[in-house]
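Novice: 3D model of this:
(one chain, ligands or ions: 2)
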Amino acid sequence: MKVLVTGGAGYIGSHTVVLLIEAGYEVLVFDNFCNSSRESIRRVEKIVNQEITVIEGDIRNRDDLRNVFEKYAISTVIHFAGLKAVGESVEKPLKYYDTNVNGSAVLFEVMAEHNCKSIIFSSSATVYGDPHTTPILENFPLFVTNPYGRSKLMVEEILRDIYVSDNEWKIVLLRYFNPVGAHESGTIGENPNGIPNNLMPFIAQTAVGKREILSVFGDDYDTKDGTGVRDYIHVVDLSRGHVQALERISSFRDPMTINLGTGTGYSVLEMIKAFEKVSEKKVPYKIVPRRAGDIATCFADPSYAKKVLDWEATKTIDEMCKDSWHWQSKNPNGY
Ligand code: NAD
Ligand code: UDP
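Specialist: Ligands and ions are numbered 1, 2, ... in the order given. This next block holds a predicted model:
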């Protein structure tokens, strides 16, 4: 079975490609490398010990996509390609709507032209906004506060509309919580451009000496220690969720919306402590004011994923920190 992985050279995509190949799928990677490098694919090839077919192209370009669908009989698309920086999306909303919304619509149109109607889409817990209570269930009200989040919600809604118009479509919307960690080999991992926005890469770069000090955004939230609480999930667990979804997608009737999280929330200070323990490095930090747009607490109720995908996260916070550290210390400057 041929699976097209858009954004397959990126952080989550590259880990998913490893697991798909290990599970016996034929994988094609489609990426324009705007936020990744070919080196990640070379390293994936080393891990799985086989060559990977990579097509350089842009999801916004119909001809790039048509060439792929004409050449290969693709049964399902796993759609990771997109832009993901919340702050940048506020500065450049049209860039985000063009890539994430328009690019996805072009992809779905070309899929339909070639009678490929099976898709797994990367959504995000950001669609829940500031939830009234936790853990978060899939049927909670949706509320988005920035163009990135809105672009994810729009694509979810486009896919639900596509299903209404043609119920041959098989659709899985996966809402990720906070992906962290790296492949246990330490050869692939998260490789942010410039100063990391996310907590875990910032901690790892501080531990390795690339950054002087971590800013903790607020210690006056209504949480266990005053710092923000999130559901960090190991990227390999998250990737395995895609393999489970792919194995079941043809048996689903309606579009499926599924949280991928662990169900446990850790605070910023707990993450720093866990990282210091496994890395045996000090992570200097200072408390600074809250970051605009942040919420106090966000963690999943992952029981629906257990029920319909037979999936649950298994990796602990120590494994998340250990694998992030392994990747960071082996590759202090990324790829
Ligand atoms: P990433 O930036 O590492 O990977 C995205 C990939 O898509 C990159 O390789 C990039 O080059 C490619 N891409 C971007 N625009 C493209 C285009 N127009 N045409 C072709 N390829 C294009 O990001 P990631 O962390 O692996 O995230 C993957 C997906 O998961 C994204 O859609 C993201 O919004 C979503 N997501 C990520 C997180 C997270 O915290 N990492 C959380 C929730 C959801
Ligand atoms: N955070 C922090 N310092 C940083 C980056 C993040 O204190 O340099 C905090 C942030 O306020 C939040 C948590 O870490 O409570 C996770 O933030 P991240 O940006 O990784 O994910 P998201 O905001 O998308 O949940």
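
Novice: and the residue of the stretch 151-300 of the chain closest to ligand 2?
Specialist: Ligand 2 sits closest to residue 228 of the stretch 151-300 of the chain, with a gap of 2.2 Å, by CB to the nearest ligand atom. To be clear about C-beta, it is placed using only N, CA and C from the backbone, and glycine gets the same treatment.

Novice: give me the number of residues near that residue?
Specialist: Residue 228: 24 surrounding residues under other CB atoms under 10 Å.

Novice: same check, this time on residue 213
Specialist: Residue 213 has 12 neighbours, counted by other CB under 10 Å.

Novice: distance of it relative to residue 221?
Specialist: 21 Å (CB to CB, to the nearest Å).

Novice: and if you look at residue 242?
Specialist: Distance from residue 242 to residue 221, by CB to CB: 32 Å.

Novice: of these two, which one has the most company?
Specialist: residue 242 (27 against 19).

Novice: which element is that one on?
Specialist: helix 235-248 (DSSP states H and E).

Novice: which strands and helices sit next to the helix or strand following that helix?
Specialist: Moving toward the C-terminus from helix 235-248, the first helix or strand encountered (DSSP H and E) is strand 256-260. Contacts defined by 3 or more CB pairs under 8 Å, 6 or more residues apart in numbering; DSSP states H and E place strand 256-260 against strand 170-176, helix 235-248, helix 303-309.

Novice: contact partners of whichever helix or strand comes after strand 256-260?
Specialist: As assigned by DSSP H and E, the chain's next helix or strand after strand 256-260 is strand 266-267. Strand 266-267 is contacted by residues 223, 224, 225, 227, 228, 229, 230, 232, 274, 317 when judged by CB atoms under 8 Å, 6 or more residues apart in numbering.

Novice: mind doing that once more with 7 Å?
Specialist: For strand 266-267, the external contacting residues (CB atoms under 7 Å, 6 or more residues apart in numbering) are 223, 224, 225, 227, 228, 229, 230, 232, 317.

Novice: ok so, going back, nearest to residue 1, of the helices and strands packed on strand 256-260?
Specialist: Among these, the nearest to residue 1 by CB to CB is helix 235-248 (8.4 Å).

Novice: orientation of that closest one relative to strand 256-260 in degrees?
Specialist: Here helix 235-248 runs at an angle of 160 degrees relative to strand 256-260 (axes from the mean of the first three to the mean of the last three CA atoms, to 10 degrees).

Novice: buried set for helix 235-248?
Specialist: Within helix 235-248, the residues scored as buried using 16 or more other CB atoms under 10 Å are 235-246, 248.

Novice: SS state for residue 27?
Specialist: Of the three states, residue 27 takes strand according to DSSP: H, G, I helix; E, B strand; the rest coil.

Novice: nearest spatial neighbour of residue 86, skipping sequence neighbours?
Specialist: Using CB to CB, 6 or more residues apart in numbering and skipping residues adjacent in sequence, the residue nearest residue 86 is residue 148, 4.8 Å away.

Novice: run the contact check for the helix or strand harbouring the one you found versus ligand 2.
Specialist: If you go by DSSP H and E, residue 148 is part of helix 147-165. No - judged by CB under 6 Å from any ligand atom, helix 147-165 and ligand 2 are separated, with a smallest distance of 9.7 Å.

Novice: touching that helix from outside, list them.
Specialist: 84, 86, 89-90, 93, 96-97, 100-101, 104-105, 108, 119, 121, 123-124, 126-127, 142, 144, 169, 171, 173, 255.

Novice: ok, now which ones touch residue 74?
Specialist: Neighbours of residue 74 in contact, by CB under 7 Å, 6+ apart: 2, 4, 116.

Novice: show me which of those residues are buried.
Specialist: Of those, these count as buried by 16+ other CB under 10 Å: 4, 116.

Novice: mark which of the contacts of strand 266-267 are buried, thanks.
Specialist: Buried members of the contacts of strand 266-267, counted by 16+ other CB under 10 Å: 223, 227, 228, 229, 230, 232, 317.

Novice: so which of those residues belong to helices?
Specialist: Of the buried ones among the contacts of strand 266-267, the ones assigned to helices by DSSP state H are residue 317.

Novice: can you get me a residue count around the closest residue to ligand 1 within the stretch 151-300 of the chain?
Specialist: Across the stretch 151-300 of the chain, the shortest distance to ligand 1 (CB to the nearest ligand atom) belongs to residue 176, at 3.8 Å. Residue 176: 21 surrounding residues under other CB under 10 Å.
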